[in-house]
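J.: sequence plus the predicted model coming up.
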Number of protein chains: 2
Amino acid sequence: MNSTTPLAVGDHPHIRIDEGLDLDCGVHLAPIDVAYCTYGTLSARRDNAILICHAFTGDQYVAEQHPLTGKPGWWSSMVGPGKPIDTDRFFVICSNVLGGCMGTTGPRSVRTDSDGDGQELWGTAFPPITIRDMVRAQYKLVRALGIDRLFAVIGGSMGGMQVLEWTVTYPHMMLAAMPIATAPFHSAQNIAFNEVGRQAIIADPDWLAGRYWQAGVVPARGLAVARMMAHITYLSEEALTRKFGRRVRRGPNQGSAPEGPVSLFGDIFEVESYLRYQGSSFVRRFDANSYLTITRAMDWFDIAADHDGEMRAAFIGTPVRFCVVSFSSDWLFPTSSARVLLRALNQAAANVSFVEIETDKGHDAFLLEEPGFDRTVRGFLCGVAEHAGLN
Amino acid sequence: MNSTTPLAVGDHPHIRIDEGLDLDCGVHLAPIDVAYCTYGTLSARRDNAILICHAFTGDQYVAEQHPLTGKPGWWSSMVGPGKPIDTDRFFVICSNVLGGCMGTTGPRSVRTDSDGDGQELWGTAFPPITIRDMVRAQYKLVRALGIDRLFAVIGGSMGGMQVLEWTVTYPHMMLAAMPIATAPFHSAQNIAFNEVGRQAIIADPDWLAGRYWQAGVVPARGLAVARMMAHITYLSEEALTRKFGRRVRRGPNQGSAPEGPVSLFGDIFEVESYLRYQGSSFVRRFDANSYLTITRAMDWFDIAADHDGEMRAAFIGTPVRFCVVSFSSDWLFPTSSARVLLRALNQAAANVSFVEIETDKGHDAFLLEEPGFDRTVRGFLCGVAEHAGLN
């Protein structure tokens, strides 16, 4: 193995669910591991649990140091004592998604089913999974923790897809739902970007048809290209201009423009070196086969498709209180996508509030400190708690 | 060589300019070939010539069958007898850009300078070039054709950058200029997308540090990924939704969704197979090193930078009549970029008209049949011709 080897699967706290899962594709996957973190204390009445669903390349390390990168948890600004999702009050759960690479069963897991010898990794033989499969695995975790009903399910981007799937598949399992920076289906453009990322990975000779771990390599170049492209979609044009503009990173023999021969391929613009860094650091923490599996799950996501194409039918009679959040400069999951969801919820006479946060930070705004967003999350949770008589 | 080998350089009609060019990078490049096509007849007064500048991956085959793909010329809807750019009236010239791969000197050309033996290809040793260098080469072609002043210079996207550079570098060489779907500088987001494309190419082991031709291969996978990504940026989200939506391409053992095990990597959504086709067909007509060289030229483009950061200074005293065109759903070169240009032109008291075409087709709209756009081009040219007393 080489320097990009992540932690072994067993190093992340997890539960094993021996009965496994029936997947949408028809495969029965058993047993499964679900790796998770919790924050705060479950109340005696077990009524204060909030499930946070992470985004595509996120993980369960919401509010603590990440074991691979050493960085703070990805939502440390939002989750903690006194924070908008207040762990002095709420018991917060977050699990790595099915198909992921941070301890929950996925393509990098050892295949323990009957036709293996217990040593083979799944790789691309890992069954195709859906957002609903991810939610089913979370459901089993929540029940295993002794929780009959969640106070809320919250998540952004692909996490928001899981939130919507929770409300449709287990509508009586939660009081409130916050789908953030998300959409009720993946658009043609969303699918297109995902497909380019997949092709970049598959084009890397070190991908080895998904058997790279066995060969002691990783398709680092392809995965980095996929991440660089995706990263552009997470930021707004305004944010890129504000952060980098046309500023040049000066290196040896590099002018601000082609004055005197310059290297064709050196770091010229700051935005380029930033993207290269994003690509190379991502490779150290994420698995290429998980990238393929999870992007496919996102592409298949379509709430209406499971209800004969009628989105409102998915929500009729829902007891869930919704707070839908979008960000004005998010072009990956734009406010127009949120409005499609809102129309369906309204047609189902659901209990819905909607907030569009004005920001120039793009899709990633949901991960960043954004005062209006923080107030929205805090306010909604307090309102639902008051309504529900939560202490 | 293999099946993706394009035509040899000499197969395209061209002129040789023995004196060559002083490039912005300080290199003197000589001789250079400039490959070009013309349509219509130059008038006795030599006052009816229109130079069309092609976009990044375009070429000189504006209005005739493409010698490699067999497809109609890329602007056949716009250029021809009775068309908006009427070849019964105008003499139309279009040349392959410097750094290109369709006959004009570029990375795939044989290096004929003093330190070579005349057999070596330039590859990545080809000097870095700028949009201004491209325009200098066009200027030499135009003068070689005996033309002292062009009636108009017209182009979209990177062609529009060349149009702007023409007006700044040779302001007395044309009556009118139409920069279309373009910007006065490349934005951070533009640079970011270009950089991902370059990294995809460089990551392909068949790129061989640019010496792939010598080895009889091409970096087909990397170049295809670059093209797939770029192609997304050429279309609007609305256009992708209208053309493909979430429609599935059904193949053997492929359902409309994960009902029964499906291939993780087969063609599932139509938008995917469309993009794959765009990628693979592009590889048959475009050179990877040209991709690197030309994207770099685009990134460096910044009209203001050559005038101490003051864009209006570039245009003060300009005698050129401008018609700036943008498309409402173009997010690669959005109307906001056109407005930055317009402010500078207005501050220079230039003669400017501006049209934003309402369309959902995105950046590529300038290549497609769009009645309002056709009328705009025809109307502007007729107006200038009338004003100038052109017969």
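T.: It's in.
J.: can you pull the contacts of the nearest residue to A:F354 once chain neighbours are set aside?
T.: Nearest residue to A:F354, sequence neighbours excluded (CB to CB, 6 or more residues apart in numbering or on different chains): A:V324, at 4.7 Å. No exception for glycine: its C-beta is placed from N, CA and C like everyone else's. For A:V324, the contact set (CB atoms under 8 Å, 6 or more residues apart in numbering or on different chains) comprises A:M178, A:P179, A:I180, A:A338, A:L341, A:L342, A:L345, A:V352, A:S353, A:F354, A:V355.
J.: ok, and the most crowded of those?
T.: Counting neighbours by other CB atoms under 10 Å in any protein chain shown, the top entry in the contacts of A:V324 is A:P179, with 31 neighbours.
J.: pretty sure A:I154 contacts A:L51?
T.: Yes - because the distance of 7.3 Å satisfies CB atoms under 8 Å, A:I154 is recorded as touching A:L51.
J.: need the residues touching each of those two.
T.: What both A:I154 and A:L51 touch, as defined by CB under 8 Å, 6+ apart, is an empty set.
J.: before we move on, the earlier item: assign a three-state SS to the residue nearest to A:F354, would you?
T.: For A:V324, the assignment made with DSSP: H, G, I helix; E, B strand; the rest coil gives strand.
J.: pLDDT score for it?
T.: Looking at A:V324, its pLDDT stands at 98.
J.: cool, the one 4 residues further on as well?
T.: The model reports A:S328 with a pLDDT of 98.
J.: which residue is the nearest non-sequential neighbour of it?
T.: Nearest to A:S328 is A:E358, by CB to CB, 6+ apart, at 5.0 Å.
J.: span of stretch A:20-30 from start to end?
T.: Its first and final residues considered, stretch A:20-30 spans 4 Å by CA to CA, to the nearest Å.
J.: give me the buried stretch members for it, please.
T.: A:G20, A:L21, A:L23, A:D24, A:C25, A:V27, A:L29 (16 or more other CB atoms under 10 Å in any protein chain shown).
J.: quick check: A:W122 touching A:T112?
T.: No - A:W122 is beyond contact range of A:T112, at 9.8 Å (criterion: CB under 8 Å).
J.: of those two, which one has the most company?
T.: Remark: of A:W122 and A:T112, A:W122 carries more neighbours, 22 against 16, as counted by other CB under 10 Å.
J.: ok, the more buried one - contacts?
T.: A:W122 neighbours (CB under 8 Å, 6+ apart): A:G106, A:P107, A:R108, A:S109, A:V110, A:R111, A:N289.
J.: could I get those as JSON lines with distance to B:A144 and secondary structure?
T.: What follows is the contacts of A:W122, written out as JSON lines (distance: CB to CB, whole Å; DSSP: H, G, I helix; E, B strand; the rest coil):
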{"residue": "A:G106", "distance to B:A144": "63", "secondary structure": "coil"}
{"residue": "A:P107", "distance to B:A144": "60", "secondary structure": "coil"}
{"residue": "A:R108", "distance to B:A144": "62", "secondary structure": "coil"}
{"residue": "A:S109", "distance to B:A144": "67", "secondary structure": "coil"}
{"residue": "A:V110", "distance to B:A144": "70", "secondary structure": "strand"}
{"residue": "A:R111", "distance to B:A144": "68", "secondary structure": "coil"}
{"residue": "A:N289", "distance to B:A144": "57", "secondary structure": "helix"}
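J.: farthest pair in those residues?
T.: Farthest-apart pair in these is A:V110 and A:N289; separation 13.5 Å (CB to CB).
J.: out of the two, which sits in the more crowded spot?
T.: Counted by other CB under 10 Å, A:V110 and A:N289 do not tie: A:N289 has more neighbours, with 26 against 16.
J.: for that one, give its distance to chain B.
T.: 9 Å (CB to the nearest CB, to the nearest Å).
J.: A:N190 too?
T.: 9 Å.
J.: contact partners for that residue?
T.: A:N190 is in contact with A:A183, A:M298, A:D299, A:L332, A:F333, counting by CB under 8 Å, 6+ apart.
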